[in-house]
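Novice: with the input below, show me the fold.
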Amino acid sequence: MAYPMTTPAMTAPATGALRFPWPEPPAFGEPVVVAPGILWLRLALPYALDHVNVYLFEDRDGWAVFDTGISSDESCAIWERVLAGPLGGKPITRLVVSHYHPDHSGLAGWFNERFDMPLYMSQAEYLMSRFLQMDRIRTAAASGPDAAIDAFYRGCGLDPEAVAQVTTRGHYYLKRTTGLRPSFTRLGAGDTVELGGREWHVLTGGGHALEQIMLWCKPDRIFLSADQVLARISPNVSVVPFEPDGNPLGFYLASLAEIRDEVPDEVLVLPCHNLPFYGLHLRVEQLEAHHLHRCDLIEAAAAKAPLTCAETVPIIFNRPLTDPHQLSFAVGEALAHLNYMLRVGALAAETGADGARRYRTP
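Specialist: Modelled structure (predicted):
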């Protein structure tokens, strides 16, 4: 079927190719200038996606920071060197955290202990991170996997061995974060915030996270896209166990359409992964097409036989998933497509005697 877009008909499609002003990334821990007063710093991650980009703004008597990296000895050591060296020993004046994921919020508590600076986040992202931090109590008291999470993955059609893999990893969030300060300054869509002598317009978007912060400086044509628009990969758009019927793909597609409407094409896009680039509208269209193509693949397969969520994973991921981290993300992303297709009427679903939900074309 032709899947509905969430905005009015698009204007003429963008043409050409993405352009990369820096064809290679800087070395880990060695910041480079990407615009007057703005530094790009690359930090390592222990995942298949092995890095995160954070940005620093020369700000009043110090530096403002956009995202932090995960909590790890390596990240802390890099930050100590950068603070003492390229940042000239000046303090961190403010911290903006785009969303709650550990590679973006992980060292927020570490920074607060050193500088006691204001924290800027959207309300949903702040509360989600605080919720996961408070879950330390439940995690410490639990004697085994959470029954609801176990049932969620069994309902997705995973076999017992795979369920055990993804439910016995421990509370990974707590291992990679240092907490948040007990108060924050709320940023929401339509707000403005001054960083580094520039006024930034705030956009928010769902799908990858709940209310992810993006920043757009109109006079200088710079767009901090966080994880919402990346040059070479699509951000993970997943259903999470505590909202099994959620529609993150629908929210993500709506966010892409809003970005295309709000931010002009010819901006320097500063993302939190991959390289900075030009060609925002082209990349938005590519990301939309990528997800709708996945829906087409699932629909064609479900027309032949009913499928569990687990059975759709190899349809949309044509690479081996070698660890529980990748498998849980893949299952969540497959379910995001299935839930979206249920919402638009492209699929129907029923639960079998084994507790697994199966999807078919109506």
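
Novice: check the secondary structure at residue 104 for me.
Specialist: Under DSSP: H, G, I helix; E, B strand; the rest coil, the three-state class of residue 104 is helix.

Novice: with residue 358 instead?
Specialist: strand.

Novice: residues contacting the residue lying closest to it once chain neighbours are set aside?
Specialist: In space, and not counting its chain neighbours, residue 358 is closest to residue 306: 3.9 Å by Cβ to Cβ, 6 or more residues apart in numbering. Any C-beta I mention is one placed from the backbone N, CA and C, and that applies to glycine too. Residues in contact with residue 306 (Cβ atoms under 8 Å, 6 or more residues apart in numbering) are 350, 358-360.

Novice: need the helices for the stretch 251-362 of the chain, in chain order.
Specialist: Applying DSSP state H, counting those that start in this stretch to the stretch 251-362 of the chain gives helices spanning 280-302, 309-316, 324-343.

Novice: quick one on the thing from earlier: and the residue nearest to residue 358, what's its pLDDT?
Specialist: Residue 306 is assigned 97 on the pLDDT scale.

Novice: how much space between residue 313 and residue 358?
Specialist: If you measure residue 313 against residue 358 using Cβ to Cβ, to the nearest Å, the figure is 14 Å.

Novice: ranges for the helices of the stretch 1-150 of the chain?
Specialist: Under the criterion DSSP H, counting those that start in this stretch, the stretch 1-150 of the chain contains helices at 73-84, 102-105, 108-115, 123-134, 136-141, 147-155.

Novice: which elements pack onto the shortest one?
Specialist: Packing partners of helix 102-105 (3 or more Cβ pairs under 8 Å, 6 or more residues apart in numbering; DSSP states H and E): none among the helices and strands.

Novice: what would the helices of the stretch 251-362 of the chain look like in TSV with mean pLDDT?
Specialist: Listed next are the helices of the stretch 251-362 of the chain as TSV, based on pLDDT from 0 to 100:
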stretch	mean pLDDT
helix 280-302	97
helix 309-316	96
helix 324-343	94
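
Novice: what's the closest of those helices to residue 106?
Specialist: helix 324-343 (15.3 Å; Cβ to Cβ).

Novice: got the angle for that closest one vs helix 280-302?
Specialist: Angle, helix 324-343 to helix 280-302, by axes from the mean of the first three to the mean of the last three Cα atoms, to 10 degrees: 80 degrees.

Novice: I'd like to know which elements helix 324-343 is packed against.
Specialist: helix 160-167, helix 248-262, helix 280-302, helix 309-316, strand 348-351, strand 357-360.

Novice: from the contacts of residue 306, pick the one nearest residue 220.
Specialist: The closest of the contacts of residue 306, once distances to residue 220 are taken by Cβ to Cβ, is residue 359, at 46.5 Å.

Novice: any idea how far residue 261 is from the closest one?
Specialist: 32 Å.

Novice: save the helices and strands packed on helix 324-343 as a markdown table, and put in distance to residue 75 and mean neighbour count too.
Specialist: Converted to a markdown table, the helices and strands packed on helix 324-343 look like this (distance: least, Cβ to Cβ, whole Å; neighbours: other Cβ atoms under 10 Å):
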| stretch | distance to residue 75 | mean neighbour count |
| --- | --- | --- |
| helix 160-167 | 25 | 17 |
| helix 248-262 | 27 | 20 |
| helix 280-302 | 28 | 18 |
| helix 309-316 | 31 | 20 |
| strand 348-351 | 42 | 12 |
| strand 357-360 | 39 | 20 |
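
Novice: with distance to residue 108 added, can I get these in TSV?
Specialist: Output for the helices and strands packed on helix 324-343, formatted as TSV (distance: least, Cβ to Cβ, whole Å):
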stretch	distance to residue 108
helix 160-167	27
helix 248-262	23
helix 280-302	28
helix 309-316	33
strand 348-351	39
strand 357-360	37
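
Novice: nearest to residue 40, out of the ones you listed?
Specialist: Closest among the helices and strands packed on helix 324-343, using Cβ to Cβ: helix 280-302, at 17.4 Å.

Novice: so what does that closest one touch, helix or strand wise?
Specialist: Judged by 3+ Cβ pairs under 8 Å, 6+ apart, helix 280-302 is in contact with helix 248-262, helix 309-316, helix 324-343, strand 357-360.

Novice: right, and these - which one's nearest residue 112?
Specialist: Closest approach to residue 112 among the helices and strands packed on helix 280-302 (Cβ to Cβ): helix 324-343, 27.3 Å.

Novice: which positions in the closest one come out as buried?
Specialist: 324-341 (16 or more other Cβ atoms under 10 Å).

Novice: my guess is residue 291 meets residue 252, correct?
Specialist: Yes: at 7.4 Å, residue 291 counts as touching residue 252 under the criterion of Cβ atoms under 8 Å.

Novice: which neighbours do those two have in common?
Specialist: Residues touching both residue 291 and residue 252 (Cβ under 8 Å, 6+ apart) are residue 237.

Novice: which stretches of the stretch 151-300 of the chain aren't confidently modelled?
Specialist: Within the stretch 151-300 of the chain, the stretches with pLDDT under 70 are 168-171.

Novice: change it to 80
Specialist: For the stretch 151-300 of the chain, the stretches flagged by pLDDT under 80 are 167-172.

Novice: before we move on, back to that, mean pLDDT lowest where, among the helices of the stretch 1-150 of the chain?
Specialist: Note on the helices of the stretch 1-150 of the chain: lowest mean pLDDT is at helix 136-141, with a mean of 47.
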